[in-house]
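A predicted structure for the sequence below; I have some questions about it.
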Amino acid sequence: MTTTTRPAVLPITRIPSSGLPAHALVVGDPARAALVAERLDDARRIGANREYVSYAGNWRGLPVVVSSHGVGGPGAVCLFGELAEAGVRTFVRLGTAGAMARGVHDGDLVIATGAVRDDGVTQQLVPAEFPASATPEVVLALQGAARAHAAPHHRGTVWTRAAFMPGVLELPMKPYQAAGVLAIEMELSALLVWAALGGHRAGGVLVVDGIAADDLVDESGASTYDPHRTVVAEGVERGVVVALDALYRLAEDEAADGA
Ligand SMILES: O=P(O)(O)O[C@H]1O[C@H](CO)[C@@H](O)[C@H]1O
Ligand SMILES: O=c1cc[nH]c(=O)[nH]1
């Protein structure tokens, strides 16, 4: 009889294969993961490989993990899978996004209720008609935390799109704007669909880092895509606290429910 031994670390992210906190923040940029770790107590790096850098620590006494997933849904799903294998059950993505609707300003937070599934990976996991919905409790926890911190925020649908750079095909920006989509980014629908298939809780909060829709750019053209501005950094600072407090609220509710 052959026996399989569990590896001490997982192959793609090099995180421990078990015993991670149940609550995770996932971000695209490894530098943002490090920034979040600086806000935690007792933070320690628990894995680094490729674009995946992970830390564990405590937020208001709650053990959490923060990991970077890089750019794009397919690679991000590799991280989500290994985090779940290691014990994570609740996932909040803290990302950046381009504004698609009037009134959504640089540095604002967009709390996603769901996402358009243009992610380039979940079509290979489940039929395209399956929705990418955020877990309602996660949406409400994010909204409550944003209110508590007086962080300017919006709630609604976002567009997850695999291609960042334009090609020769016209971008269906106008129909999605007409449908009320608030912002565009690259990984959230992959997280929401992947999490639903595994029975996990998931949601996302996105910091606006520019304008993605041409008709919203003012005459100066001053505010198109530029994530390296103070207004974005300030939004990210607010987003970090909102996302971590949302995890805390979710954990508190679980404890009250005896989960
Ligand atoms: O800032 P992050 O979390 O990486 O999110 C956005 O930024 C990247 C594009 O610049 C994509 O990953 C997109 O989803
Ligand atoms: O995909 C993205 C992410 C951030 N900002 C954008 O305009 N697009």
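Nice, thanks for sending it over. Ligands and ions are numbered 1, 2, ... in the order given.

all contacts plus neighbour counts: C-alpha atoms, from now on.
OK.

And the residue of the stretch 151-259 of the chain closest to ligand 2?
Nearest residue of the stretch 151-259 of the chain to ligand 2 (Cα to the nearest ligand atom) works out as Glu185 at 3.4 Å.

What is the neighbour count of Thr230?
11 (other Cα atoms under 10 Å).

Report the contact partners of it.
If you count contacts by Cα atoms under 8 Å, 6 or more residues apart in numbering, Thr230 has none.

So for stretch 123-133, mean pLDDT?
Taken as a whole, stretch 123-133 has a mean pLDDT of 98.

Same question for stretch 138-147.
Mean predicted confidence for stretch 138-147 is 98.

Repeat that for stretch 93-103.
Computed over stretch 93-103, the average pLDDT equals 97.

what about that stretch, near ligand 2?
Yes. Counting by Cα under 6 Å from any ligand atom, ligand 2 is contacted by stretch 93-103 at Thr96, Ala97, Gly98.

Quick check: the last one touching Leu216?
It refers to Gly98. No. Gly98 lies out of contact with Leu216 (Cα atoms under 8 Å); the separation is 10.9 Å.

Just want to know which of these two has more residues nearby.
Neighbour comparison, Gly98 and Leu216: the larger count goes to Gly98, with 26 against 17 (by other Cα under 10 Å).

got a list of what that one touches?
Taking Cα under 8 Å, 6+ apart, one finds Ala183, Ile184, Glu185, Val208, Asp209, Gly210, Ile211, Ala212, Tyr225 in contact with Gly98.

quick one: which of these is nearest Thr122?
Set against Thr122, the nearest of the contacts of Gly98 by Cα to Cα is Glu185 (15.2 Å).

Hmm, the closest one is touching Trp159, no?
Yes. Using Cα under 8 Å, Glu185 is in contact with Trp159, at 6.3 Å.

before we move on, the earlier item: same for ligand 1: which of the residues of stretch 93-103 next to ligand 2 are within range?
The subset of those within reach of ligand 1, by Cα under 6 Å from any ligand atom, is Thr96, Ala97.

and the residue of the stretch 151-259 of the chain closest to ligand 2, how far is that from Ile211?
12 Å (Cα to Cα, to the nearest Å).

thinking again about what came up before, so what pairs up with the residue of the stretch 151-259 of the chain closest to ligand 2 in the strands?
Under DSSP bridges, the beta-bridge partners of Glu185 are Thr160.

count of neighbours near it?
25.

same check, this time on His105
For His105, using other Cα under 10 Å, the count is 22.

So which residues on this structure come close to ligand 1?
Close to ligand 1, as judged by Cα under 6 Å from any ligand atom, the chain has residues Val27, Gly28, Asp29, Gly70, Val71, Gly72, Gly95, Thr96, Ala97, Glu185, Met186, Glu187.
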